[in-house]
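Student: predicted model and sequence follow; I will ask about them next.
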Amino acid sequence: MFGRRRSSCHGGAPATCSAGRCRRGAGPRWRGGAGSGAGACATCPLSAGQANFTVALVGNPNVGKSSLYNRLTGQQVATANYAGKTVELSAAQAVIGGQLATIVDTPGTYSLQGFSADQLVARRGLTERRPDVAVVVLDASNLARNLQLYAEVADLELPIVVALNLEDEARRLGRLVAPAELASALGVPVVRTNGQTGTGLTELGRAIAAARTLPPPQPLRLSPAAEGAIATVAHTLGSAILSAGPDHDHGVLGGLSLRAAARLLLEGDQATWDLLPPPATEVLRPIVATAREELRQAGAWPLAAERARAAARVAEAVTRRGTGRSDWLLALWRASLDPRRGPLILLVVVALLGWFMYSAGGALSAALGGTWQKYALPPIDRLGRWLFGDGAAARIFTWTFGSGIEAVLTIGVPFVFTFELVLSLLEDSGYLNAAAYLTDSTMHRIGLNGRAIIPLIAGAGCNVPAIIGTRILADKRERFIAATLITLVPCSARIAVILGSVGVVAGWEAAAGLFLTLVLIIAAVGWALNRYLPGETSELVMEMFPLRRPLPSAVLKRTWGKFLDFLTQALPLMIVGSFIVGLLYETGLMYYLVKPLSPIVSGVLGLPAIVGIALVFAVLRKELALQLTLALAAMAAGAPTATLTSLMNAKQVFVFALVSSLYIPCLATYGILARELGRRQAVGITMLTLALAVVIGFLARLALAAIPI
C-alpha cells in the first residue's frame, strides 16, 4: 500500500519542513530526493509538488504521531514523550493507494487556537493549504483528552481518518477501546495503528485512499446553547464576508470553515479576528459579545469545557474496563512524581548518565585511540612521506589525517554517541515529563516554569533544536531567559570536551566538579535575569504521561541518525581545521596569530598562548576546542601520540574546559538565536557568554592556584 518518495523544502518561518531550501517571500526553491524529480513549491512546506494529494497528521503530544510519519515516509523526525518538542512542520512524499501523496507532520498540540507557536504551526498545517485528508492520531489510553482536539479538527470540515494508537498502553491501564463503536460515534474510519512496530499501516493507507472521496464528518456536537451561539456567529460571519466583496472566499476564512471561524471568534482567538476585513469586524464584535453572555447565563461557557464534556461522553461510550496490570514502570512513574522520592530518582538518573558516559565513553575512546595509533597512523605517515617527501608538506598531511581524525574518534565519537544513546532512552521512556513536574518550583526562581526544563535538558544534546523548542514557552521574556541559559548548557560536543580533557587528565571527580560549576553558573545567570528583566513567570500547565518501555530498535535508530549527523558535520570541519593549524604551525604563521590573543589567553586565563588558536576555531563546533588542542599538543611535542599533559597541567585543563563550555555559542547556535530572538538579542547573549567565560575562567584560575594537586 505504501511506497516512499522523499522530497523536501525549507520554510523560514513560522513553519518549516524537515529538509531542503525554501523561504517564503524570497522565491521558493524545490529540492527533490531520490527519484522525485523537480516540482513546484507553492507554499512551503505544504506544496504537493507533483503529488496527487496531501495528507496531514495531527494529534496531541505524545500520541506517536511522528513515529507514524517516520513509518509512512521513511524520514527521521525526532520523537519524544513530552509536549512541545516538535514546533515545525515536516513534509515528505509516499505512495498511497498507487498515487503519490505529500505527508505533513504537524506539531503535537492540544488545541488549534493561536495562543502558542506549536498551536499556530499545527493550525497552519491544516488551513494554509488545506490537506485532502487529515489523519487524527488518538491515544487509546487517554481518549477523552485526545478527542477534544479531534472536535476542533472536525470543525474544519476536512475528510478525516482516525489512527487509534497506543492500544497496548491502554490495555496496560485497563482501558479497552472498541474501534467499530468509535467509528460509529464519530462517523469516520478508525484504524488500529502502532507507529513503532508498523502495525496497521496497510489498513491506514486503504482508509486514507478511500477517505478522499468521502464527505467531511459531522462535527462533535456540543450543548444546544453552544451550538446555537456558534450557528448565530457563523451566519453573521458568512453574511459579513459576502458583503465584503468578491476578493473574500465566501465559504472559508483563512482556510477555516465558517463553523470553525465562528467558534474561534467566540473563544477570543486573535489570529482569527485578524483575518476579518474591517467592516466584518465591526459587525461581529457586538454579536460575539452577546453570544458569550448568553453562553455564560446558560452555563455553557467556556466552550473548551463544552468540548471536554462532549469528548468525555464519546470516550465513555466506546471504552470498556479491563483488568489492567501494574508493572514496575507504573510504580517507577508514581515514585518519580513523589515529592520525596522523585528528586532522589532524578539525582540517580543524572549520576547514572554521567557514570555511563564517563565509563563507556572512556573505554570506547581508549579502544578507538589505541587502534588508530597502532594501525592507521603509521600508514598515514608513510603515505605522506611517499607523496611529499620528508618536508613540511608531509608533516602537515600527517597532522591533518592522522591527529585530526584521531581527535574525532577519541573525543567526538565515544562521548557524543553515548550521550545521544542515553538521551534517546530518556526521551522514549517519557521520563523528561516527570522531570519537568519535579523541577517546576526550582525553575520559577530563575524566571521559568517546569516546562522549560525540557528544552534545557534537550540542550545537553544540541543547543540548536533546544532553542527552537523554547517556542513552547508563554512569552518573549521566558523565551529569552531560556535561550540564554541553553547557550550555557554543555551540549554533547562540550560534554565530550569536558570528559575528554578534565575527565581523562584529572579524573571523574574533577569532571563532576566542572559540571557542578556550570550548573551553579546557569542558576546564577537565570536568577539575575529573572530579577532584572521585567515581567512575571507563567504557571506550569502540562499533562502527565506514564513511563513507557522504549523500543530498542527505535532508540538505536535515532541514536545512530544523530551520531551520523554529528560525524558528517564534525569530520570535515576537523580535517580542514587540523590542516589549517598544521599549515600555520609548519610555516611559523601560527605565532603571529597567537600574539594578539596572548594577553587574554595567557595573561588572564593562565593558559598556553597557543591554545587561543583552538578556542577561535571552536566557534565552528565546540568539540574542535579539544580536538585541535590535542593536535597542538602533538605538534608542540613533535609526536602524533602526545597528550594534553604535554601542553597543559591539570589545573590549566580545568580552566580550558570551563572557558570552552561558556564562551561564544557556536555559529549554528548563534544563527538560530538570531532567527528566534532577533539579531540584537543574539549579539547580546554572545557578548554575555564571552564576558562570563573570561571572568569565570580568571576566578577559576585564582581558586585553583590555592588548591594543591
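Tutor: All right, it came through fine.

Student: contacts and neighbour counts: CA atoms only from here.
Tutor: Fine.

Student: report the distance from stretch 608-620 to the chain centre.
Tutor: Remark: stretch 608-620 is offset 29 Å from the chain centroid, using CA atoms, centre = their mean, to the nearest Å.

Student: now residue 588. Its backbone dihedrals?
Tutor: Geometry field for residue 588 lists phi and psi as phi 80, psi 0, criterion degrees, to the nearest 10.

Student: just list the residues touching it, thanks.
Tutor: Contacts here follow CA atoms under 8 Å, 6 or more residues apart in numbering; on that basis residue 588 touches nothing.

Student: any idea how far it lies from residue 617?
Tutor: Per CA to CA, to the nearest Å, residue 588 is found 18 Å from residue 617.

Student: for residue 171, same thing?
Tutor: In this structure, residue 171 and residue 617 are separated by 54 Å, where distance is defined by CA to CA.

Student: these two: who's more crowded?
Tutor: Neighbours were counted for residue 171 and for residue 617 using other CA atoms under 10 Å; residue 617 has more, 21 against 18.

Student: wait, isn't residue 416 in contact with residue 496?
Tutor: Yes. Counting by CA atoms under 8 Å, a contact exists between residue 416 and residue 496, whose distance comes to 6.4 Å.

Student: looking at the two, which has the bigger crowd around it?
Tutor: When neighbours are counted by other CA under 10 Å, residue 496 comes out ahead of the other of residue 416 and residue 496, with 31 against 25.

Student: chain neighbours aside, what residue packs nearest to that one?
Tutor: Nearest residue to residue 496, sequence neighbours excluded (CA to CA, 6 or more residues apart in numbering): residue 415, at 5.2 Å.

Student: got the contact list for the helix or strand containing the one you found?
Tutor: Here residue 415 is covered by helix 413-429, with elements defined by DSSP states H and E. Outside helix 413-429, the residues that touch it by CA under 8 Å, 6+ apart are 79-82, 353, 356-358, 360-362, 364-365, 432, 461, 492-493, 495-496, 499, 547-551, 555-556, 558-560, 562-563, 567.

Student: how is the protein divided into domains?
Tutor: With automatic domain parsing as the criterion, the domains of the chain are listed as 2-211, 224-299, 341-705.

Student: can I get those in JSON lines with mean pLDDT?
Tutor: Shown next, in JSON lines, are the domains of the chain (pLDDT from 0 to 100):
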{"stretch": "domain 2-211", "mean pLDDT": "72"}
{"stretch": "domain 224-299", "mean pLDDT": "83"}
{"stretch": "domain 341-705", "mean pLDDT": "80"}
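
Student: am I right that residue 102 is in a strand?
Tutor: Yes. Note on residue 102: a strand contains this position according to DSSP: H, G, I helix; E, B strand; the rest coil.

Student: and it, how far is that from residue 128?
Tutor: If you go by CA to CA, the gap between residue 102 and residue 128 works out to 15 Å.

Student: more neighbours, the two?
Tutor: residue 102 (29 against 15).

Student: next, the buried residues of stretch 580-588.
Tutor: Along stretch 580-588, the positions that meet the burial threshold by neighbour count (16 or more other CA atoms under 10 Å) are 580-586.

Student: equivalent analysis for stretch 111-129, please.
Tutor: Quick answer for stretch 111-129 (16+ other CA under 10 Å): 111-114, 116-127, 129.

Student: now stretch 504-514
Tutor: Along stretch 504-514, the positions that meet the burial threshold by neighbour count (16+ other CA under 10 Å) are 504-506, 508, 510-512, 514.

Student: which of the domains of the chain is buried the deepest?
Tutor: When you average the neighbours per residue for each of these (mean count of other CA atoms under 10 Å), domain 2-211 leads with a mean of 22.
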